[in-house]
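# for reference, the sequence and a predicted model appear below.
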There are 2 protein chains.
Amino acid sequence: MTHSDRILMGPGPCNPYPEVIEAFNRPVLGHLDPEFIPVLDETGDRLRKVFATDNPLTFPVSGTGSAGMEAAFVNFIEHGDVVVVGVNGVFGGRMCDVAARAGAEVVRVDAPWGTAIDPQRLLDAHPSPKIIAVVHAETSTGVRNDIAPIGAGKGDALLLVDCVTSLGGIPVRLDEWGVDIAYSGTQKCIGVPPGLAPLSVSPRAVGHIVERPQSWYLDLNMIAKYVTGGSARAYHHTAPISMIYALHAGLGVLLDEGLDNSFARHQSCGDALQAGLVDMGFELFAQEGHRLPELTTVVVPTDRLPAGVDEAGVRRQLLDRYGIEIGGGLGEFAGKVWSIGLMGHTARQRNVTLFLAALGEILAA
Amino acid sequence: MTHSDRILMGPGPCNPYPEVIEAFNRPVLGHLDPEFIPVLDETGDRLRKVFATDNPLTFPVSGTGSAGMEAAFVNFIEHGDVVVVGVNGVFGGRMCDVAARAGAEVVRVDAPWGTAIDPQRLLDAHPSPKIIAVVHAETSTGVRNDIAPIGAGKGDALLLVDCVTSLGGIPVRLDEWGVDIAYSGTQKCIGVPPGLAPLSVSPRAVGHIVERPQSWYLDLNMIAKYVTGGSARAYHHTAPISMIYALHAGLGVLLDEGLDNSFARHQSCGDALQAGLVDMGFELFAQEGHRLPELTTVVVPTDRLPAGVDEAGVRRQLLDRYGIEIGGGLGEFAGKVWSIGLMGHTARQRNVTLFLAALGEILAA
């Protein structure tokens, strides 16, 4: 069975760095092998650099980004704990669902999709929440929420941040911002296929891990004995060796380029794409000043589609004629916006140029 | 960073088939790409053949085998439900922990480690359990538990079976045996790196999925809309694309060889290893008649170790001098038994020959 080689400009996965695919060819080692442990440790070191944190408990959860979200909640919630959640897109909504299933009393702070959440509203939502949770980069809307003001005003609350679409693409500074619990995914601006969820937990938050989380698989008490066990590693579950090789390699590419250079590359690609779309007369969906460079949302130009072609048809033509994947809207914006990702290895000017030209050809038909 | 290429004769991971590593080089596709969906569907078809089932809900959970275990429990348990669990090793014990965290009233049926569980004891343990759960192949002891008699006598209970170390290595026949919920891992007799957990759920068990499982990530109500959604696939979480390529390829190798041929290969390798160990004067740990060919446990021959070398030292010499990984004991048998795997691509006579010769050289020193 053969596959096309796509240009992955949807909301993720992105195209992986070539070095990442090479890493999959490394011989598989056992999860307790003395040659594997340094790879795991170095992966943690690299994640700390990318998260800008000193948190010892920083490692990849053995699941995709949503497993990271679940780990971030279920380890810290006891029945009835108050969790304030900011919701301005699909992933804020998902946080509410995950937190409620863990027994939290969820205090939901909604903001219109496409706009950012006012940090003060999150701080004012409850006098003494256990957790304040927010998505840094809302994949479903292309909006960046401000994190630092929440960290500055959080008081005794734990600040929990979804960095799935931000990590590696725009600045993320856990320690400087006062973030206690953060998770990400590999398939966005890290440039690795989906499968792991980098997680980082501050020492203060480690002190709040519940004794027996409802999830055995994601129990940080037990996982910590493996990932930060020093010379005495205790087996918990079998680590996904090959995916960890891939993540290790992707982080290496990112750090070799330099985080600031990666941010600049994502920014310049996003700027070029957004300027190009505006030049073509399209309306950007996300609030100005809070637009993500790595994930652009644009209102579907219903009045400019070729005769007899709907928005899904345009996306299908992009895929079939040019091998370009972009995303349709998620949630309530399905069919109303397009999501165009420029993340990881996909964040290249040539992809911007090709996409704008291809879209122009399709709409001119 | 370079790695050694080990012969992985521990309790997992095994060495992957070469075709599996090749599959990691396939271009990454989006999880909704019209060229990816057939790969996912064919992976389900192949899993149905290997599980010997017609269950439509058969797919790889996006986590390692323990995530499969958690999915198998949390989707079917409401607070206070009675779950009978057979325990004759580490993984039966883990089942009790997972079930209890999901709110089950666990009725535990213990049998001495190294022996099989009498199926009738599981059937007699409670008059009307919601679930009867047992491990088919106990990795920690090398023992095979009988499944078919439990299926024949289960009444209205759901039969939940851990097939992590059995699937692909010894016969597993879900439909014939009356198994309702089964999970496995990729890194054992399927010959794929760790990272996914094949799961299969009978139509009867699908009717018992709870409305809102405590885990969002593992919620089968939502996942089913993606994996068995026909032409209308609903995004749940981003599928781990590259690992699914790897599993698809590993199942292809297994089915090309033929399941019966794979079983025969695992059996002949296990027989040769166990005969060789007995010839060397060692004591096999698992009960005769219930010994797994793919995972052999042998009592550490304390009186025959080289002067100044403990059992961990022998394993370290195997690793350093011969590149062979074997496992120490798990749980209460740490330091008392060795676990020697012959699973997937590792199940080759040449590995048996090399291991026995290498162990002989070390013990003769």
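In hand now; what should we look at?
# contact partners for the spatially closest residue to A:Ser202 that is not a sequence neighbour?
Excluding its sequence neighbours, the residue lying closest to A:Ser202 (Cβ to Cβ, 6 or more residues apart in numbering or on different chains) is A:Asp180, at 4.4 Å. Placement of C-beta: from N, CA and C, glycine included. A:Asp180 makes contacts with A:Leu158, A:Leu159, A:Leu160, A:Val201, A:Ser202, A:Arg204, A:Ala205, as judged by Cβ atoms under 8 Å, 6 or more residues apart in numbering or on different chains.
# how confident was the prediction at A:Asp180?
The model reports A:Asp180 with a pLDDT of 98.
# assign a three-state SS to A:Glu325, would you?
At A:Glu325 the chain is in strand, as set by DSSP: H, G, I helix; E, B strand; the rest coil.
# A:Val278 reaches A:Leu284, doesn't it?
Yes - with contact defined as Cβ atoms under 8 Å, A:Val278 counts as touching A:Leu284 (6.7 Å).
# need the longest helix for chain A.
Identified as the longest helix of chain A according to DSSP state H is helix A:259-279.
# can you list the low-confidence ranges for the stretch 201-350 of chain A?
Scanning the stretch 201-350 of chain A for pLDDT under 70 picks out nothing.
# tell me the contacts of A:Asn145?
Counting by Cβ under 8 Å, 6+ apart, A:Asn145 touches A:Gly86, A:Asn88, A:Ala116, A:Ile117, A:Pro119, A:Val134, A:Val135, A:His136, A:Ala137, A:Glu138, A:His290.
# how does it look with 7 Å?
By Cβ atoms under 7 Å, 6 or more residues apart in numbering or on different chains, the residues touching A:Asn145 are A:Gly86, A:Ala116, A:Ile117, A:Val134, A:Val135, A:His136, A:Glu138.
# show me what A:Val61 is bridged to.
A:Ala197 (DSSP bridges).
# interface residues of the stretch 51-200 of chain A facing chain B?
A:62-67, A:70, A:97-98, A:101, A:187, A:193-195 (Cβ under 7 Å from any Cβ of the partner chain).
# just those now: which is nearest A:Ala232?
Nearest to A:Ala232 among these is A:Ser62, at 20.4 Å by Cβ to Cβ.
# pLDDT value on that closest one, please?
pLDDT, A:Ser62: 98.
# got phi/psi on it?
Per-residue torsions, A:Ser62: phi -80, psi 60 (degrees, to the nearest 10).
# how much space between it and A:His236?
The gap separating A:Ser62 from A:His236 is 9 Å, by Cβ to Cβ, to the nearest Å.
# go through the contacts of A:Asp180 and say which is closest to chain B.
For these, the minimum distance to chain B (Cβ to the nearest Cβ) is 15.0 Å, reached by A:Leu160.
# circling back to that earlier point, quick one, which of A:Val278 and A:Leu284 is more surrounded?
Neighbour tally, A:Val278 and A:Leu284, criterion other Cβ atoms under 10 Å in any protein chain shown: the higher count belongs to A:Leu284, 18 against 12.
# wait, doesn't that one sit right on A:Gln274?
Yes - proximity of A:Leu284 to A:Gln274 meets the contact threshold set by Cβ atoms under 7 Å, at 5.9 Å.
# ok, now which ones touch the residue of the stretch 251-365 of chain A found nearest chain B?
Nearest residue of the stretch 251-365 of chain A to chain B (Cβ to the nearest Cβ) works out as A:Glu325 at 4.9 Å. Taking Cβ under 7 Å, 6+ apart, we find A:Glu325 in contact with A:Arg6, A:Leu8, A:Met9, A:Gly10, A:Leu319, B:Gly30, B:Asp33.
# let me know the secondary structure of the spatially closest residue to A:Thr238 that is not a sequence neighbour.
In this structure, A:Thr238 finds its nearest non-sequential neighbour in B:Pro194, 4.4 Å apart by Cβ to Cβ, 6+ apart. Under the three-state scheme (three-state DSSP), B:Pro194 adopts coil.
# what's near enough to touch B:Pro194?
With contacts defined as Cβ under 7 Å, 6+ apart, the neighbours of B:Pro194 are A:Thr238, A:Ala239, A:Pro240, A:Ile241, B:Pro13, B:Thr64, B:Gly185, B:Thr186, B:Gln187.
# of the residues you listed, closest to B:Leu305?
For the contacts of B:Pro194, the nearest to B:Leu305 is B:Pro13 (26.8 Å; Cβ to Cβ).
# and the closest one, helix, strand or coil?
Secondary structure, three-state DSSP: B:Pro13 is coil.
# how about it, nearest residue that isn't a chain neighbour?
The shortest distance from B:Pro13 to any non-neighbouring residue, by Cβ to Cβ, 6+ apart, is to B:Gln187 (3.7 Å).
# neighbour count, secondary structure and distance to A:Leu305 added to the contacts of B:Pro194, as a markdown table?
Shown next, in a markdown table, are those (neighbours: other Cβ atoms under 10 Å in any protein chain shown; DSSP: H, G, I helix; E, B strand; the rest coil; distance: Cβ to Cβ, whole Å):
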| residue | neighbour count | secondary structure | distance to A:Leu305 |
| --- | --- | --- | --- |
| A:Thr238 | 24 | coil | 49 |
| A:Ala239 | 27 | coil | 47 |
| A:Pro240 | 28 | coil | 42 |
| A:Ile241 | 24 | helix | 47 |
| B:Pro13 | 33 | coil | 50 |
| B:Thr64 | 28 | coil | 45 |
| B:Gly185 | 32 | coil | 47 |
| B:Thr186 | 34 | coil | 43 |
| B:Gln187 | 34 | coil | 48 |
